[in-house]
Every structure is written in structure tokens, then in C-alpha cells.
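Visitor: quick one, what's the 3D model for this:
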Amino acid sequence: MARKRKGDPVNGWLVLDKPLALTSTQAVSRIKRLFNAQKAGHGGTLDPLATGILPIALGEATKTVPYAMECGKRYRFKLRWGQATTSDDTEGSVTQESDNRPTKAEIEALLPRFLGEIEQTPPRFSAIKVAGERAYDLAREGEVFELKARRVEIFELSLVAMPDADHAVFEVACGKGTYMRALARDIGLAAGTFAHVTELRRLAVGSFTEERAISLDSLEAMGHSPAAFEQLLPIETALDDIPALALSEGEALSLRRGQPVSLLSRLHRERIASLELDEGEVVCALAGGKPVALARYEAGALSPVRVLNL
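Guide: Modelled structure (predicted):
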């Protein structure tokens with residue numbers, strides 16, 4: 001006899017404005033408890049010292065988490081010139097200092113070199129695994145190790161403020177896996193000094209933006225109420241970047257049963273022509289306006305990848 005799941009079958013995405021000092025895992029636990037949800041997960045870790053957008057998936061939305069994590073992200077960070085730290089933020093101790101402070105013109109002149117695909121070495125205090133261990137654990141234990149540079153992509157990078165000679169504020173739009181602490185560190189080195197992040201805020205993850213976000217305090221003040229549930233977004237919010245394909249009820253039933261749906265007939269070919277699907281591409285299959293499954297298009301047929309039980 002199958003064991004009954006704890007909690008309620010709550011499905012959807014919540015855009016949390018994560019407060020300072022809370023880990024992403026702690027945030028997920030508090031949201032899961034507030035909604036009494038059976039399952040919960042987040043769409044991309046946000047460090048405790050960072051605030052801002054943390055998309056949290058509940059129930060069947062957890063099946064779409066990988067797609068949220070692939071989305072582009074937007075950040076704003078403030079850096080302090082003249083100091084390198086062990087963690088590339090304020091948590092670590094100062095390791096090197098410089099009196100050099102770049103001018104606005106000097107900063108703006110060096111930013112283009114960080115645009116596009118670049119090589120970036122992650123901070124030593126990061127969740128990357130080294131020989132099976134987290135890098136931050138090794139760093140805290142004083143272990144000597146090297147992290148390999150990784151290819152990341154930065155779409156936009158702009159200097160938005162210089163509140164004083166020691167600080168500058170930047171906004172960044174980037175792809176998956178880009179570390180703002182590493183970017184700040186490297187901008188400092190390129191400017192002939194050192195730098196570390198003093199404030200970091202995530203402004204957006206794909207279509208999850210500040211306009212859709214709610215603070216933890218506001219949400220907990222609502223409690224387990226209809227007003228809190230009104231904050232949930234549809235599961236397909238995380239799937240904006242993949243094609244959507246409407247199916248008949250019969251086709252949807254086949255996918256739900258784990259069976260492929262042939263799209264080889266002339267009628268089907270005409271229906272999917274506008275999507276210009278590539279072999280192996282994943283689509284969001286819909287029926288009656290609701291998502292049914294994530295399905296892969298191969299050899300003229302759709303095969304279910306993840307069935308959504310809504």
C-alpha cells in the first residue's frame with residue numbers, strides 16, 4: 001500500500017523576495033510549511049548575503065525547476081574598491097589592499113571586455129564540488145585547491161552609480177552559472193586594484209521578476225489563507241522559453257499514460273510547422289489550456305519526458 005504523502009497537493013510557482021541572511025533551503029522550508037505543500041524546490045540558489053528573486057516551485061511545478069534554472073538572470077551589486085577578500089564578499093577576511101581607485105571613465109572603458117562568452121574562475125567559497133567536496137567546505141578548512149575557469153555568458157553589464165570613491169554599483173544580465181562575486185573581483189583586477197561585493201540583489205530569473213515578487217514577511221502575515229494562494233503563478237510560467245503545443249484530449253491522455261503521440265499525418269505537420277521544432281526539442285504539451293506534459297519531439301512523434309498531474 002502506497003504511503004500517503006504529507007501535506008496538500010499545492011501546485012504552482014511563488015516569486016519570493018528573499019531577505020538577507022536566509023539560505024535558499026531555509027526559504028523553501030518556510031514556504032513549504034506555510035502552504036502545507038507536499039513538495040517544494042527552488043529555481044536557483046541565492047546566497048544568504050544576497051537578497052531578491054528566489055522562484056520557489058510547489059508540487060508539480062518542481063518538475064519544471066530545471067527549466068527555471070536555465071533561464072537568464074539579472075543582478076545588481078555594489079562593490080568596494082581596494083580590498084580583496086577570501087570569499088570575494090564581506091563574509092571573508094581581507095587578503096590584499098590597494099589605494100588605487102578607478103575613475104568613471106576608466107571603469108566604463110573596461111566593461112566591454114566582460115561582455116559575451118568569457119572565462120570565469122568561481123569564488124573559492126562556492127558550492128562547486130572538488131573531488132566530491134564542496135569548495136566552501138575546503139576553503140573554510142584552509143585546504144589548498146584550484147578551481148577551473150568556466151565558460152559563462154554576460155549579456156549586459158553597466159555601471160549605474162558611484163556613491164563615493166570606494167564604491168560602485170553595477171547591473172548585469174547573464175546566463176546560468178555566472179558568479180557576481182567573481183565578476184566584481186575580476187573587474188577590480190582589470191581596474192588595477194582589488195574589489196569585493198558588499199551588496200547583491202537578484203532582480204529577475206527569466207520571467208520571474210520583482211513586479212511579481214512578495215516578501216517573506218508579507219506572505220507569512222497572510223498565513224495559510226486564500227490571499228497567500230493568490231500569489232501562486234501557473235506552472236507554465238517557468239516554461240516561457242520552450243514551445244507550447246495544444247493537443248486533443250485523446251492525445252493528452254496518451255501522453256499521461258506514457259505513450260508517444262504521432263505527428264506524422266499531414267494535419268499534424270501543418271499544425272506544428274509554425275513551431276519549427278528541431279529533432280530532440282522539448283515542448284510544453286497543453287490540453288484545454290492546461291499543461292499536460294513536457295514532451296520531446298523525435299522522429300515525428302512526441303514522447304513524454306515529465307507528465308504533469310494537474
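Visitor: low-confidence stretches in the chain?
Guide: Residue ranges of the chain with pLDDT under 70: 1-3.
Visitor: now with 80?
Guide: Within the chain, the segments meeting pLDDT under 80 span 1-5, 263-275.
Visitor: ok, the most centrally placed residue in the chain to F194 distance?
Guide: In the chain, the C-alpha nearest the mean C-alpha coordinate belongs to G44, at 3.7 Å (CA atoms, centre = their mean). Distance, G44 to F194, using CB to CB, to the nearest Å: 28 Å. Glycine gets a C-beta too; all of them are placed from N, C-alpha and C.
Visitor: what of K104?
Guide: Distance, K104 to F194, by CB to CB: 19 Å.
Visitor: looking at these two, which is more packed in?
Guide: A direct count of neighbours by other CB atoms under 10 Å for K104 and F194 places F194 higher, at 23 against 10.
Visitor: which residues does that one contact?
Guide: Counting by CB atoms under 8 Å, 6 or more residues apart in numbering, F194 touches 81-84, 96-98, 185, 188.
Visitor: same thing with G44?
Guide: 54-55, 68-69, 73, 205.
Visitor: A37 too?
Guide: Taking CB under 8 Å, 6+ apart, one finds 7-8, 10, 31, 58-59 in contact with A37.
Visitor: for it, list each beta-bridge partner.
Guide: D8 (DSSP bridges).
Visitor: equivalent analysis for L200, please.
Guide: What pairs with L200, by the bridge criterion (DSSP bridges), is A50, F77.
Visitor: doesn't D88 make contact with it?
Guide: No. At 10.6 Å, L200 and D88 do not qualify as touching, with contact defined as CB atoms under 8 Å.
Visitor: what about these two, which has more around it?
Guide: Taking other CB under 10 Å, L200 and D88 do not tie; D88 has more neighbours (27 against 22).
Visitor: that one contacts P122, correct?
Guide: No. D88 lies out of contact with P122 (CB under 8 Å); the separation is 9.4 Å.
Visitor: and for these two, which residues touch both?
Guide: 179, 182.
Visitor: circling back to that earlier point, most neighbours out of the contacts of A37, which is it?
Guide: Going by other CB under 10 Å, L58 tops the contacts of A37 with 25 neighbours.
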